[in-house]
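J.: Quick one: sequence plus predicted model below, questions after.
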Number of protein chains: 4
Amino acid sequence: MSAVAPGLKPRKSPVQARSAAAVEALRVAAIQVLTQEGLSCCTTTRIAERAGVSVGSLYQYFPNRDALLAAVLEKHLDGIAGVVDHACHAHRGKPVSQMAAALVTAFLAAKLRDPEESKALYAIAGERGGAELVARMRIRIVAAITAMLASAPDAHFDDPAMTGAVAFSALAGSVRTLLEGQAPGGFEARLEGQLILLMTAYLETHRRPASPRREAP
Amino acid sequence: MSAVAPGLKPRKSPVQARSAAAVEALRVAAIQVLTQEGLSCCTTTRIAERAGVSVGSLYQYFPNRDALLAAVLEKHLDGIAGVVDHACHAHRGKPVSQMAAALVTAFLAAKLRDPEESKALYAIAGERGGAELVARMRIRIVAAITAMLASAPDAHFDDPAMTGAVAFSALAGSVRTLLEGQAPGGFEARLEGQLILLMTAYLETHRRPASPRREAP
Amino acid sequence: MSAVAPGLKPRKSPVQARSAAAVEALRVAAIQVLTQEGLSCCTTTRIAERAGVSVGSLYQYFPNRDALLAAVLEKHLDGIAGVVDHACHAHRGKPVSQMAAALVTAFLAAKLRDPEESKALYAIAGERGGAELVARMRIRIVAAITAMLASAPDAHFDDPAMTGAVAFSALAGSVRTLLEGQAPGGFEARLEGQLILLMTAYLETHRRPASPRREAP
Amino acid sequence: MSAVAPGLKPRKSPVQARSAAAVEALRVAAIQVLTQEGLSCCTTTRIAERAGVSVGSLYQYFPNRDALLAAVLEKHLDGIAGVVDHACHAHRGKPVSQMAAALVTAFLAAKLRDPEESKALYAIAGERGGAELVARMRIRIVAAITAMLASAPDAHFDDPAMTGAVAFSALAGSVRTLLEGQAPGGFEARLEGQLILLMTAYLETHRRPASPRREAP
DNA sequence: AATGAATGAGAGTTCATTCAT
DNA sequence: GATGAATGAACTCTCATTCAT
């Protein structure tokens, strides 16, 4: 229906732009409501209200409430996965100690950027549909870690996928504990150091005994 | 835990016995419903139905739905905490490697004894009230670990509470991931070994450099 | 269980005595609960509890909740009616001014002896069954008043029943207002005087102009 | 009350009109249910059903059941108070006998316009919240009566507020009795005359002894 | 497209009443 | 008889979803 801007890249039509804006507003509103009022107050009406659109419109963009919440969760998880992905790519071929530090740092940075949001989304992650998204994201991240580990020059992992999975689980679990429980004072501050320590110790368990270069058959 | 002296007192009046049976039936039913139908289907009606009692009876034993779910969660957490507590006590003064193995083994044994139950209860843990119970249990377990660590003859922890907290978080988080996501094949089987490896590596990070007795300045 | 005093009047059997005690306890308990916790808290369980008997027993003495409440109301109304009845009998043949004063005084004394109770019972009076009891009591009292009025030496009432009904309505209504609304300060204190004034004025409206015997045309 | 100028503005937006219609339908339905089935059958479901709207809609207009009933009562009481208020204003400065007649006539006319409604609302008046509304209305009416009495040229009231309160209580109480009890035949018909008699007698009790004009000190 | 009033199934909870003990 | 746990219909209220405007 809209006349596309003459020439360059196909922009979103005005209609689509409006849609996109509304969708984004709903996403942000959902997080705010979730954060400030809790899951049980996170009704479609409240979200729409906060987003400044009508409930009717909400249902134009999402088939139902769960789809909206899933979308919110998915975007969040995508962000996390992207950051970790990137860090893993960037540290291929580096020594495992650097890998460990990079992994921890990247994940913490991503997850703690908006702690309230991260915390609130755990509530969604447990709901129908959430588990699957989390599983997908986990697979993606573990794959990235696995690939990184496999490229380590100073270590050999018999089963890098397993090691990666355990490493990520430990990391994600620790952060979850931090966010969910009111962590004891100073916990947050020193968590990063401790996690790097933990991660490094775990990965270096697999360190290659001697100069690996030449003799790999 | 104690074997009752054979043949003696009936221990509970018939009335209490019926009550206890109903309460237990409700507890089990709640876990079943949670497991098989999810948190949002876990209504008082459904639980009572499954337990074979009427809703009215449910409310005779629990003041409201949340109290029932909290009771279920609390019993579960108490079981876990008891096992870990016990293991920590039993390994005071042992080398850290044994501590690590014992901690991992005890926690896994407790948490994976009924995986469905454990999994289902994560859903409750996020609800209002659940978080507090989890926090309490965490504090109790971390305290036990901390005390154990502080007694290690072959390591010195500057901040055993921090180390204990991180160790537990990593452990609990890994198991959660295992239970929540459909873990990749074989994950469960080798998880215990990997977690022992992880835990040991982390704790031995703090190993006392040499024979500690004589040369401490 | 007790040995009945040998000989004289047929006492209630022990069983009946127990029943009577329980019934009375329930009656009193109902009033207390009604007074202290309100009609919506006036459940059979609560009443039985307060009376120190079991719900089961309550249902041995009363076929259902409404019957219990009706019994409570009935006894209350009987008390009131009795007092007024008595006063009316005692003032037959007296001047109307004395009748007015006696009526007001008797009714107020009866109704305000336990204001809380009186007030609480208005709640029952509106429920199914209550209205009928109230109507019956009204009829009884109005009859007594009517008879008294008809005997007045210094007045003549064309329709003493009508006059009696209006007089009683006004009286009962005023007291109800006093009890229900938080009456303005001092209202209670001077109500009696004002009501006597009102009643006297109303009844003296019908005063026989002169020596009544002879000259009635 | 005013005839809307023909053909002009729709006065209410369609939305508001629908709302208003629903609210009014609920009000009427509540009175009908109360009248025909009693307070204990006056449930939100039943009211909504009778009003031809869904329960959900009921809760869109009233925060809860009590609020709906209170609204119904309030409107009724406002109507009564308005009529009495008006009559009192209109009879300031008139002789007390006219005041008495006007007060009785106005109140009866208002209260007996829809006797079923009036009767049904007594049930609400006793519930939590109802008492307060009744008290407020009472205060308003008594104030109006008091002001009227104070303006009487042919009587002097030492405490017009007290006299007003008693007068109103007697009046309201009599009517209540009429409506609640199945009044004896003909009662209603002659009640007005009797109440005027009663009221007049009571008020004239305070008649100023002699020609008041000149000698007011 | 956008709106938000209307819907009604279904949730949690209560309580008069019964009946096995 | 007395008991009080068990019952379940019925109540109030919520909220995801629809659809006339």
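T.: Okay, I see it. Numbers count the residues shown, from 1 in each chain, chains lettered A, B, ... in the order given.
J.: Longest helix in chain A, please.
T.: If you go by DSSP state H, chain A has its longest helix at helix A:65-90.
J.: okay, A:Ser13: pLDDT?
T.: Per-residue pLDDT puts A:Ser13 at 55.
J.: which parts of the longest helix of chain A are buried?
T.: A:65, A:68-74, A:76-77, A:79-81, A:83-85, A:87-88 (16 or more other C-beta atoms under 10 Å in any protein chain shown). C-betas here are computed from N, CA, C, even on glycine.
J.: Give me the neighbour count for the residue of chain A found nearest chain B.
T.: Nearest residue of chain A to chain B, counting by C-beta to the nearest C-beta: A:Gly173, 0.6 Å away. When neighbours are defined as other C-beta atoms under 10 Å in any protein chain shown, A:Gly173 has 21 of them.
J.: And for it, nearest residue in space, chain neighbours not counted?
T.: B:Gly173 (0.6 Å; C-beta to C-beta, 6 or more residues apart in numbering or on different chains).
J.: Next: A:Met99.
T.: Nearest residue to A:Met99, sequence neighbours excluded (C-beta to C-beta, 6+ apart): A:His91, at 5.1 Å.
J.: so that neighbour makes contact with A:Ser97?
T.: No: under the criterion of C-beta atoms under 8 Å, A:His91 makes no contact with A:Ser97, lying 10.5 Å away.
J.: which one of these two has more residues nearby?
T.: The residue with more neighbours, out of A:His91 and A:Ser97, is A:His91; 21 against 18, by other C-beta under 10 Å.
J.: For A:Phe62, see how far away the residue in chain A that DNA strand E sits nearest to is.
T.: Residue nearest to DNA strand E within chain A: A:Gly56 (2.1 Å; C-beta to the nearest atom of the strand). Distance from A:Gly56 to A:Phe62, counting by C-beta to C-beta, to the nearest Å: 12 Å.
J.: quick one, which of these two is more surrounded?
T.: Shown here are A:Gly56 and A:Phe62; by other C-beta under 10 Å, A:Phe62 has more neighbours (21 against 8).
J.: ok, the more buried one - contacts?
T.: A:Leu26, A:Leu68, A:Ala71 (C-beta atoms under 8 Å, 6 or more residues apart in numbering or on different chains).
J.: Quick check on the nearest residue to the second one once chain neighbours are set aside: phi, psi?
T.: Computed as C-beta to C-beta, 6+ apart, the closest residue to A:Leu68 that is not its neighbour in sequence is A:Phe62, at 4.2 Å. Dihedral pair for A:Phe62: phi -130, psi 140, per degrees, to the nearest 10.
J.: what's the spacing between A:Phe62 and chain D?
T.: 22 Å (C-beta to the nearest C-beta, to the nearest Å).
J.: Tell me, what's the model's pLDDT at the nearest residue to A:Gly181 once chain neighbours are set aside?
T.: Of all residues not flanking A:Gly181 in the chain, B:Ala135 sits nearest, at 4.6 Å (C-beta to C-beta, 6+ apart). Here the pLDDT value assigned to B:Ala135 is 90.
J.: again, but for A:Val142
T.: In this model, A:Val142 carries a pLDDT of 95.
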